[in-house]
Structure formats: structure tokens, C-alpha cells
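Participant: generate a structure from the sequence data that follows.
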Amino acid sequence: MKCDDSRELLDSYVDGELDLVNHLQIEQHLKECADCAQAHNNLVALRSAIADDSFYYQAPADLRARLRTSLKTTEPESRPASIWKWKWIPVLAVASLLVAVMLAALTLVRPSQTNEDLVAKEVVSAHIRSMMPGHLMDVPSTDQHTVKPWFDGKLDFAPPVTDLSAQGFPLTGGRLDYVDGRPVAALVYGRRLHVINLFIFPTQERDAQNRVLDRQGYNVIHWNKAGMSFWAVSDVNVGDLQEFSTAVQH
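Facilitator: As a prediction, this is how the structure comes out:
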């Protein structure tokens with residue numbers, strides 16, 4: 001996690017309002033970044049100071065009495081209900097019309113999240129979860145002939161499994177995951193000290209070339225081929241991930 005992302009989520013982290021993935025990411029980042037850790041400590045100290053009763057000032061009794069005396073309640077001037085009704089109906093009608101127009105304009109102008117955006121968010125979250133101890137692989141193996149049959153009976157499709165050791169991306173295993181409302185295959189590859197997760201599942205969409213995305217500091221490449229949707233996610237640089245996607249597709 002980058003420092004800018006950490007600072008944006010720090011208030012929610014202190015308030016205990018983050019989901020598990022972001023909470024664990026910030027917790028790890030605070031262990032590694034002294035500046036963000038200091039910002040966290042400052043925020044905690046500020047909240048503790050504000051909550052301290054010593055900051056509360058109680059006005060003297062005579063001041064409170066004088067204020068109560070000076071505040072005189074006055075009865076609002078009564079007006080016939082019919083006059084109020086006829087005076088304000090046109091105003092309320094115009095206000096309602098303006099609100100309706102504004103809501104319609106916001107609906108048209110505001111960008112909506114596409115399905116690709118939603119799936120990209122899911123695969124990045126799945127990649128982050130896989131980095132937790134014991135979550136990366138269900139079948140650790142560098143042999144594609146061991147990994148591919150392992151999925152038999154666990155999925156309603158057969159994911160293509162290729163060993164890319166010769167291209168610098170050795171296969172290290174696979175696991176079951178859950179993306180876009182269905183079980184998917186997750187193949188795990190290596191690139192030096194980095195992990196690349198390749199999520200595969202069937203799609204009705206036509207073949208599509210690489211689409212490069214950046215989500216939460218992770219690089220994502222998505223493409224469709226032969227009725228399958230492929231999502232490669234990693235913290236490797238974009239060049240390496242593009243090289244990986246090219247190797248998978250050939």
C-alpha cells in the first residue's frame with residue numbers, strides 16, 4: 001500500500017471502520033513506514049485529547065441564569081392556514097421540480113461503475129487475500145499436468161494451464177477462488193520475488209485484447225479469448241505483466 005492510500009484510510013482505520021483486507025494492509029504499512037506510523041500516533045493522540053474531560057468548560061451558575069433570563073420566548077404570529085397554504089404551494093412546486101431536474105442531471109452525468117470495474121476490484125481483493133499465510137495455493141506444484149487435473153470436478157469448466165518457466169514466469173500452483181459471483185480458477189505464477197495471480201472463468205463476451213488497469217497500487221490486465229475471461233494481477237511492473245499476458249496467449 002502506498003503512503004497516499006494509507007493517509008486517506010487512516011481515519012477509518014483508527015475508528016475501526018475498514019474491511020478486513022484494507023485493515024490488514026494499513027496495519028502492515030504502519031509497521032514498514034515510520035512517517036505513516038507517526039501520523040497514526042498523532043491522530044490517536046489528538047482523538048484522546050479531544051475526548052479528555054479536562055477540555056470541558058462549564059459556565060458559572062450566574063452566567064447561565066443571566067442567559068436564561070435574556071432569552072425570551074415569543075409566540076409566533078398566527079396566520080390563517082389558508083393564506084399560508086396558497087402562498088407556499090407555488091414555491092414548493094417549483095422547488096420539487098428543481099430537485100427532480102437536478103437528480104436527473106446527476107444520474108446522466110455521474111459516471112457509473114462498469115462490470116469490468118467491479119470485477120477488477122474483486123480480483124485485486126482476491127489477490128490481496130491470497131497473500132495472507134496459507135491462502136495462496138490449494139495445489140502447490142510446478143507441473144501443469146498436476147495442476148490442471150486438480151480442478152476436475154471442482155469447477156464446471158476446464159481452465160487452460162500452461163507452464164511458462166521458459167519465458168521467465170514459472171508455474172507454482174493453483175487454487176479455487178470466487179470472483180464475479182462464481183467459483184473461478186486461480187493459477188499462481190512467479191516473476192523473480194513477485195507473485196502473479198491469473199484468474200480464469202467462462203464468459204459470454206467476445207474475444208477482446210488486453211486492457212491494462214491500475215487498482216489500489218496493483219497492475220491488472222484483462223482479456224477474453226476462446227470463451228474464457230482472463231485477469232492477471234500482480235505488483236510487478238506493467239511491462240512484466242504485459243509480457244506475461246502475451247506468453248499466456250501464445
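
Participant: domain map for this structure?
Facilitator: Split into domains by automatic domain parsing, the chain comes to 3-53, 115-249.

Participant: Q216 and D5 touch, don't they?
Facilitator: Yes - using Cβ atoms under 8 Å, Q216 is in contact with D5, at 6.8 Å. Where C-beta positions appear, they are placed from N, C-alpha and C, glycine not excepted.

Participant: if you compare the domains of the chain, which one is most tucked away?
Facilitator: The highest average neighbour count among the domains of the chain, using mean count of other Cβ atoms under 10 Å, belongs to domain 115-249 at a mean of 17.

Participant: what are the ranges of the strands in this structure?
Facilitator: Along the chain, the stretches classed as strands by DSSP state E are 139-140, 171-179, 182-191, 194-202, 208-215, 218-225, 228-234.

Participant: TSV for those, including distance to S165 and mean pLDDT?
Facilitator: Formatted as TSV, the strands of the chain follow (distance: least, Cβ to Cβ, whole Å; pLDDT from 0 to 100):
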stretch	distance to S165	mean pLDDT
strand 139-140	15	96
strand 171-179	7	96
strand 182-191	9	96
strand 194-202	13	97
strand 208-215	22	92
strand 218-225	20	96
strand 228-234	17	97
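
Participant: okay if I get the ones you listed as TSV plus distance to K121?
Facilitator: Below are the strands of the chain laid out as TSV (distance: least, Cβ to Cβ, whole Å):
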stretch	distance to K121
strand 139-140	26
strand 171-179	10
strand 182-191	15
strand 194-202	13
strand 208-215	6
strand 218-225	10
strand 228-234	11
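
Participant: where in the chain is pLDDT low?
Facilitator: For the chain, residues meeting the criterion pLDDT under 70 lie at 20, 45, 47-59, 72-92, 94, 101, 103-113.

Participant: ok, for the residue most central in space within the chain, nearest residue in space, not its chain neighbours?
Facilitator: Closest to where the C-alpha atoms of the chain average out (Cα atoms, centre = their mean) is K121, at 5.9 Å. Distances taken as Cβ to Cβ, 6 or more residues apart in numbering put R215 closest to K121, at 6.3 Å, once the chain neighbours are dropped.

Participant: again, but for A186
Facilitator: In this structure, A186 finds its nearest non-sequential neighbour in D177, 4.3 Å apart by Cβ to Cβ, 6+ apart.

Participant: ok, that neighbour - contacts?
Facilitator: Contacts for D177 (Cβ atoms under 8 Å, 6 or more residues apart in numbering) come out as A126, S130, P183, V184, A185, A186, F199.

Participant: recalculate using a threshold of 7 Å.
Facilitator: For D177, the contacting residues are A126, V184, A186, F199, by Cβ atoms under 7 Å, 6 or more residues apart in numbering.
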